[in-house]
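Undergrad: Have a look at this prediction, sequence included:
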Amino acid sequence: MRFLRTGLLIALTLVCGLQVEAARRTDPLPERNVQGRSGAAPLIGRLELAWGDPGPAAKAAGVVDTEFRVTLVADDGGRHPIDPDQALRAAEDLYALFGKRVAVSTAPAAAKRGGAGAHAVDAAFVDTIVPIGDLSTSKAGEIAPKVAGVTVWATLMCKFSDIATEQKAQSFFQSQYGAAIGQLDHYWQEVSYGQINLAGSAAYGWATLPQPRSYYVTKDETTGKDKADLTKLFEDCIAAHDPNVNFAANGGLQGVNMMFNGDLDGFAWGGSRCAALDGVNKCWSTTWNPPWSFNNLAPLSHEMGHAYGLPHANNSDNDSDTYDNPWDVMSDSWNNGVSNATYGTLPKHINIYSRNRLGWVAAARKRTITAGTGARSVTLDRASLPGSVNTQMLTLNYPDQSTRYYTVEVRKRTGNYENRLAGDAVIIHEVQTGRASPAWSQDADTPPANRANNEGSMFKVGETWVSPDYAFRVKVDAATTEGFVITVRPTPRAVRAPGAATAPARAASPRLRGQTMRGQPRR
């Protein structure tokens, strides 16, 4: 297996010029046109992403960092690990390439940094399966094609050969896919505004793996920590169930939720796995779950979110913990979650940025305001409201930037999954598509709270949020039955810099420089 080493710079770029050119083309982009500066043939394959999330025991021990693995799966089946940090730096939006065909080619490092030495990776984006013309129809921040219709999952229950315990019966896992309140089909239908369902999903009983846990979970030679071999777990769990599962059903299952009867490496995992199963060769949505994950629907839904292609969300305290935004199950799965006697902690909804990434926000429910334009009044309904006739996703963007913008949404303590949120408020996220966690909730407190269920993260009637660069000023004017009326306008130059005496005010962290001004007169 060929490895792309840490010293390489990964470029998996979906640049604006390519998109413009793609819109003019109806034929696939020839692979022969993708070549690095070294002249070497590029590596062609599909991009596989997997996120690892620590469980309660790991968090109690102080482990808050996520694991993230990026792999190029070549057409011949070869697997080429790619350094995640390099991939994120080189791609404008790495997550938009989830499961897609990409080309990775090498170039001399000198071409990038003006010096000699090791090779870096120059690259381009290529998709020789789906015509390039299809990409021109996708909107900013939205994965194309969107996740829609029937998404059939298979739960595969797998036992390590040296662990006899069977924590849950097959009937429990089958019931998780139900359409009643607190079950996965009901949850994902609600979150997607009815655009997906899990009809036909099924659970398959405990099958014994051919090896003990120690075969699949070994010690990392560098860190000395446990490391799960996701490939071995996937291949052996699939093989154990293959005689009874039709992976080609519905044109190819959406994916598999694997349930293991022992701890993995302290993490639950979600993402994709590219393989040929029952004649269908694709990147399958995949989760790897230890008991603490499948006993609670919140972490299981978190991993399924990764498997649909969603990255983490975060708050704006700039620490290493991405699990401190309780407005989104793709960050903090546990806090402010609703408890259920059967399914443990239930999932909250995802934020509006994530909903839009999967293509679930209707065009009529979206509105964009560009920096430098005049004042606008917007009636925002809560993001969880089905059948809304008002705006549910407001984007504040810049005319010269495509990878950085803000999203504005309303969240309310209501319904079956959100009734324990911290409050009813306007929630604002800054999105930078090149970050490991693109969407960061904004906090007006100084310093920002360690967990974004504080007042500084909630903007209510009479409060104003000012963007760090003063391009936007968002004032919450009034409450409605289902949300709020807000006004968006440029910030006057006369407004003092954050931290100055602008009372009453709550200044944000120096990094963000935003501020909330309670009761300030409109200008």
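TA: Everything's here; your move.
Undergrad: For my notes, confirm residue 239 occurs in a strand.
TA: No: counting by DSSP: H, G, I helix; E, B strand; the rest coil, residue 239 is located in no strand; its state is helix.
Undergrad: do you know how far the closest residue to residue 70 other than its chain neighbours is from residue 491?
TA: Spatial nearest neighbour of residue 70, excluding adjacent residues (C-beta to C-beta, 6 or more residues apart in numbering): residue 82 at 4.4 Å. Where C-beta positions appear, they are placed from N, C-alpha and C, glycine not excepted. Per C-beta to C-beta, to the nearest Å, residue 82 is found 41 Å from residue 491.
Undergrad: Quick check on the two: which one has the bigger neighbour count.
TA: The residue with more neighbours, out of residue 82 and residue 491, is residue 82; 27 against 17, by other C-beta atoms under 10 Å.
Undergrad: so the more buried one sits right up against residue 71, yeah?
TA: Yes: the criterion here is C-beta atoms under 8 Å, and residue 82 meets it with residue 71 at 6.6 Å.
Undergrad: distance of the residue nearest to residue 333 when sequence neighbours are not counted from residue 323?
TA: Excluding the flanking residues, the one nearest residue 333 by C-beta to C-beta, 6+ apart is residue 298, at 4.1 Å. Distance from residue 298 to residue 323, counting by C-beta to C-beta: 12 Å.
Undergrad: Need the residues touching each of those two.
TA: Common contacts of residue 298 and residue 323 (C-beta atoms under 8 Å, 6 or more residues apart in numbering): residue 333.
Undergrad: What ranges in this structure fall below the confidence cut-off?
TA: For the chain, the stretches with pLDDT under 70 are 1-41, 105-145, 493-523.
Undergrad: what ranges do the helices span in it?
TA: 16-24, 56-60, 84-90, 109-113, 132-135, 170-176, 184-191, 213-216, 230-241, 291-294, 297-307, 352-357 (DSSP state H).
Undergrad: by contact count, what packs against the last one?
TA: Helices and strands touching helix 352-357, by 3 or more C-beta pairs under 8 Å, 6 or more residues apart in numbering; DSSP states H and E, are strand 393-397, strand 404-411, strand 425-432.
Undergrad: So what sits opposite the residue nearest to residue 80 when sequence neighbours are not counted in the bridge?
TA: Spatially, and ignoring its direct neighbours in sequence, residue 80 is nearest to residue 72 (4.4 Å; C-beta to C-beta, 6+ apart). On the basis of DSSP bridges, residue 72 is bridged to residue 47, residue 80.
Undergrad: what number of residues lie near residue 72?
TA: 25.
Undergrad: quick one: it and residue 304, what's the gap?
TA: Residue 72 is 24 Å from residue 304, by C-beta to C-beta.
Undergrad: try residue 456
TA: Counting by C-beta to C-beta - residue 456 and residue 304 are separated by 31 Å.
Undergrad: Between those two, which is the more surrounded one?
TA: residue 304 (27 against 23).
Undergrad: all strands for the stretch 51-200 of the chain, in order.
TA: 67-74, 79-82, 101-108, 119-125, 149-150, 153-159, 196-197 (DSSP state E, counting those that start in this stretch).
Undergrad: Then the stretch 251-400 of the chain?
TA: Using DSSP E, counting those that start in this stretch, strands in the stretch 251-400 of the chain cover 255-260, 267-277, 280-289, 313-314, 339-340, 344-345, 366-370, 376-381, 393-397.
Undergrad: Residue 480 is nearest to which of those?
TA: Of all those, strand 376-381 sits nearest to residue 480, with 6.5 Å by C-beta to C-beta.
Undergrad: Going by neighbour count, which residues of the closest one are buried?
TA: The neighbour-count check on strand 376-381 (16 or more other C-beta atoms under 10 Å) flags 378, 379, 380, 381 as buried.
Undergrad: I'd like to know which of these is nearest to residue 439.
TA: Out of those, the member with the shortest distance to residue 439 (by C-beta to C-beta) is residue 380, at 17.1 Å.
Undergrad: so who does that closest one touch?
TA: 390, 391, 392, 394, 408, 409, 410, 426, 483, 484, 485, 486 are the contacts of residue 380 under C-beta under 8 Å, 6+ apart.
Undergrad: The second one and residue 379 touch, don't they?
TA: Yes: here residue 391 lies in contact with residue 379, judged by C-beta under 8 Å, at a distance of 6.5 Å.
Undergrad: Please enumerate the shared neighbours of those two.
TA: Shared contacts of residue 391 and residue 379, defined by C-beta under 8 Å, 6+ apart, are absent.
Undergrad: The spatially closest residue to residue 220 that is not a sequence neighbour: neighbour count?
TA: The shortest distance from residue 220 to any non-neighbouring residue, by C-beta to C-beta, 6+ apart, is to residue 227 (4.4 Å). When neighbours are counted by other C-beta under 10 Å, residue 227 registers 20.
Undergrad: again with residue 259
TA: 28.
Undergrad: if I pick it, what's in contact with it?
TA: Neighbours of residue 259 in contact, by C-beta under 8 Å, 6+ apart: 155, 156, 157, 158, 168, 173, 289, 294.
Undergrad: out of those residues, who has the most neighbours?
TA: residue 294 (27 neighbours).
Undergrad: ok, and the closest non-adjacent residue to that one?
TA: residue 259 (4.8 Å).
Undergrad: Save the helices of the chain as JSON lines, and put in distance to residue 402 too.
TA: Converted to JSON lines, the helices of the chain look like this (distance: least, C-beta to C-beta, whole Å):
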{"stretch": "helix 16-24", "distance to residue 402": "7"}
{"stretch": "helix 56-60", "distance to residue 402": "35"}
{"stretch": "helix 84-90", "distance to residue 402": "16"}
{"stretch": "helix 109-113", "distance to residue 402": "22"}
{"stretch": "helix 132-135", "distance to residue 402": "14"}
{"stretch": "helix 170-176", "distance to residue 402": "39"}
{"stretch": "helix 184-191", "distance to residue 402": "26"}
{"stretch": "helix 213-216", "distance to residue 402": "41"}
{"stretch": "helix 230-241", "distance to residue 402": "33"}
{"stretch": "helix 291-294", "distance to residue 402": "35"}
{"stretch": "helix 297-307", "distance to residue 402": "24"}
{"stretch": "helix 352-357", "distance to residue 402": "14"}
